[in-house]
Structure formats: structure tokens, C-alpha cells
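Visitor: Coordinates only, no sequence provided:
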């Protein structure tokens, strides 16, 4: 299992409400994402998704996390101008 942290940035500021994001992560996740647990923090224009994924390799965990965050943001973002700022494997 890998902890992958994906930070997304809203250039215009004002992240969607945290509860809306939590619900969107659950609704966007597919069985193929192998999501075990999700935690997130929203602070101004940045959102950090902490995703525990049951993936066989680090590279696959990074890819799954990136795809899940992009689907999640596409479902909640009021503007298409958000971007993935960083993605990394946590400790």
C-alpha cells in the first residue's frame, strides 16, 4: 500500500468546500483505483489529497492517484483552470 499526496491548485483561489470534495473523491473512485482511504485538506487555493492506494508498484500508485484527483476536480471545479501542483509518495 502506498500513501500518495496530490496537491491541486485553483489559480483563482477559493477551493470547493471540504465536504463536497470528500464526497466527490468517494463518488469518483472506481474499484480499479484501489483506493483504501482518503484524507484531504483545503487551504485557500490549494487542496491536498492524501490517498492510500493498494497498488503493486510506486509508479502505478502515482498514476492512479493522479487520475483519481483529476476526475474528482473535474466533477467539482467551477473553473477548468485548476492544475496539479505536485504528486509524491508519502512516508
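Guide: Ah, there it is. Here the structure is a predicted model, which is why all the values come from computation and not from measurement.
Visitor: what about residue 59, is that helix, strand or coil?
Guide: Using DSSP: H, G, I helix; E, B strand; the rest coil, the structure places residue 59 in helix.
Visitor: host element of the residue of the chain positioned farthest from its centre?
Guide: Most distant from the centre of the chain: residue 56, at 19.1 Å, with distances by C-alpha atoms, centre = their mean. Residue 56 belongs to no helix or strand when elements are defined using DSSP states H and E.
Visitor: give me every residue that touches it.
Guide: With C-beta atoms under 8 Å, 6 or more residues apart in numbering as the criterion, no residue contacts residue 56. Placement of C-beta: from N, CA and C, glycine included.
Visitor: same deal with the one 5 residues further on?
Guide: Under the criterion of C-beta under 8 Å, 6+ apart, the contact partners of residue 61 comprise 2, 4, 53, 55, 89.
Visitor: Which ones among these lie within strands?
Guide: Among the contacts of residue 61, the members falling in strands (DSSP state E) are 2, 4, 53, 89.
Visitor: In a markdown table: these, plus distance to residue 82, neighbour count and pLDDT.
Guide: Formatted as a markdown table, these follow (distance: C-beta to C-beta, whole Å; neighbours: other C-beta atoms under 10 Å; pLDDT from 0 to 100):
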| residue | distance to residue 82 | neighbour count | pLDDT |
| --- | --- | --- | --- |
| 2 | 24 | 20 | 96 |
| 4 | 18 | 23 | 97 |
| 53 | 21 | 23 | 96 |
| 89 | 22 | 14 | 94 |
